[in-house]
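# What shape does this take:
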Amino acid sequence: MKKVAVIVSALCMLIAPLAGIAANPDQDLKDFRSHFTETFPSVPLQDFTNGVYSVDKASREQWEAFEDFPAYEIFVDKGEEVFNKAFKNGKTYSSCFPKAKKGMTHNYPYFDKKRGEIITVELAINECRKKNGEKPLKYKKGKMAHLSAYLSYQSRGNKGNVKIVDTPESMAIYERGKKHFYAKRGQLNMSCADCHYYNAGKKIRADILSPALGHTSGFPVYRNKWSLVSASGDGMGTLHRRYGGCNKQVRAKPFKAQSKEYRSLEYFHTFMSNGLTLNGPSIRK
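Numbers count the residues shown, from 1 in each chain. Here you go, the predicted structure:
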């Protein structure tokens, strides 16, 4: 009997993790949010969109000073110029995004049923360019980040509204993104969750780890670190630029921006902040 009990116990240990893999997205969202509201009970739910500045008083004071004259404003203006500039065929981005000026990024990323894949804002921007006979932009910075900043700015005040479509293809992509978030990788054997879920608010060297809840609501972001390595001082970057940087920090080979892997991660990651008000673009360290 003792031997049977040990076997049963072992089986239960194996089954438990597998049960989590097939979790319902709505339940995942509820559990994800509860984790952070219980860990940081003094932080108002909507304030999680401010990243580390929501959980550290000293960092928040610095950030509020930066927000008096935000460095990203000039890049929002540049993005607006690019958005309104005519393509060679006479059309503009508004031919692809007629609702852009009323806000659209709160509905991204989304699952395209016909194509069976995730469409992000940056992917849609380049597809618009190709449709109008223009060369695609690089996905991580430059004009792409400026355009994304402008579009995000138009969506400020809207609540994240990502829909996880209930089809086998969509759910498989969602689960792939969820797996990426929790899976350990790189020489440091760390996951996204190790830093931004389990240890959010704690220090890693001199930096405080930001909570994953609300992460995506502020992108694209202006980072002081990025501005220092740019000859022009352009510190704007897209979400996938940040994903790549995180992978490098744990000494893992990053995936390409807009790869299926990162789009799957964005699908899961953004859904986990559903219902929070967008405040992009934003400033981060």
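# Phi and psi next, for the spatially most central residue of the chain.
When Cα atoms, centre = their mean is applied to the chain, the residue found nearest the centroid is T216 (3.5 Å). Phi and psi for T216, reported as degrees, to the nearest 10, are phi -80, psi -10.
# mind checking how far it is from I208?
Distance from T216 to I208, counting by Cβ to Cβ, to the nearest Å: 19 Å. Any C-beta I mention is one placed from the backbone N, CA and C, and that applies to glycine too.
# on that earlier part again, would you enumerate the residues in contact with the nearest residue to the residue nearest to the centre of the chain once chain neighbours are set aside?
Leaving aside its chain neighbours, T216 sits nearest to T270 (4.4 Å; criterion: Cβ to Cβ, 6 or more residues apart in numbering). Contacts for T270 (Cβ atoms under 8 Å, 6 or more residues apart in numbering) come out as 108-109, 160, 162, 216.
# Out of these, who's the most crowded?
P109 (28 neighbours; other Cβ atoms under 10 Å).
# how much space between that residue and Y139?
Using Cβ to Cβ, one gets 14 Å for the distance from P109 to Y139.
# ditto for L209
Between L209 and Y139 the computed distance is 26 Å (Cβ to Cβ).
# Give the residue from these two that has the larger number of neighbours.
Remark: of L209 and Y139, Y139 carries more neighbours, 24 against 19, as counted by other Cβ under 10 Å.
# dump the residue contacts of the nearest residue to that one once chain neighbours are set aside.
In this structure, Y139 finds its nearest non-sequential neighbour in A257, 3.8 Å apart by Cβ to Cβ, 6+ apart. Counting by Cβ under 8 Å, 6+ apart, A257 makes contact with 122, 139-140, 238, 240-241, 243-244.
# Give the buried subset of those as a PyMOL selection command.
Only the buried entries of the contacts of A257 go into this PyMOL selection, using 16 or more other Cβ atoms under 10 Å:
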select buried, resi 122+139+140+238+240+241+243+244
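# quick one, helices of the stretch 51-200 of the chain?
For the stretch 51-200 of the chain, the helices defined by DSSP state H, counting those that start in this stretch cover 57-66, 73-84, 121-131, 143-154, 168-182, 192-193.
# do you know which of the ones you listed lies nearest C96?
Of all the helices of the stretch 51-200 of the chain, it is helix 121-131 that lies closest to C96, at 3.6 Å by Cβ to Cβ.
# how distant is that closest one from the center of its chain?
Averaging C-alpha positions (Cα atoms, centre = their mean, to the nearest Å) puts helix 121-131 18 Å from its chain's average.
# State the mean pLDDT of it.
Averaging pLDDT along helix 121-131 yields 98.
# Can you tell me which helices and strands it packs against?
helix 143-154 (3 or more Cβ pairs under 8 Å, 6 or more residues apart in numbering; DSSP states H and E).
# Enumerate every residue touching the closest residue to V121 other than its chain neighbours.
Residue nearest to V121 in three dimensions, not counting chain neighbours: Y108, with 4.8 Å by Cβ to Cβ, 6+ apart. Going by Cβ under 8 Å, 6+ apart, Y108 touches 119-121, 124, 162, 270.
# Mind doing that once more with 10 Å?
Y108 makes contact with 118-124, 148, 151-152, 155, 160-162, 216, 266-267, 270, according to Cβ atoms under 10 Å, 6 or more residues apart in numbering.
# same thing with I204?
Contacts for I204 (Cβ under 10 Å, 6+ apart) come out as 190, 194-195, 249.
# Tell me which of the residues you listed has the lowest pLDDT.
Out of the contacts of I204, that is Q249, at 94.
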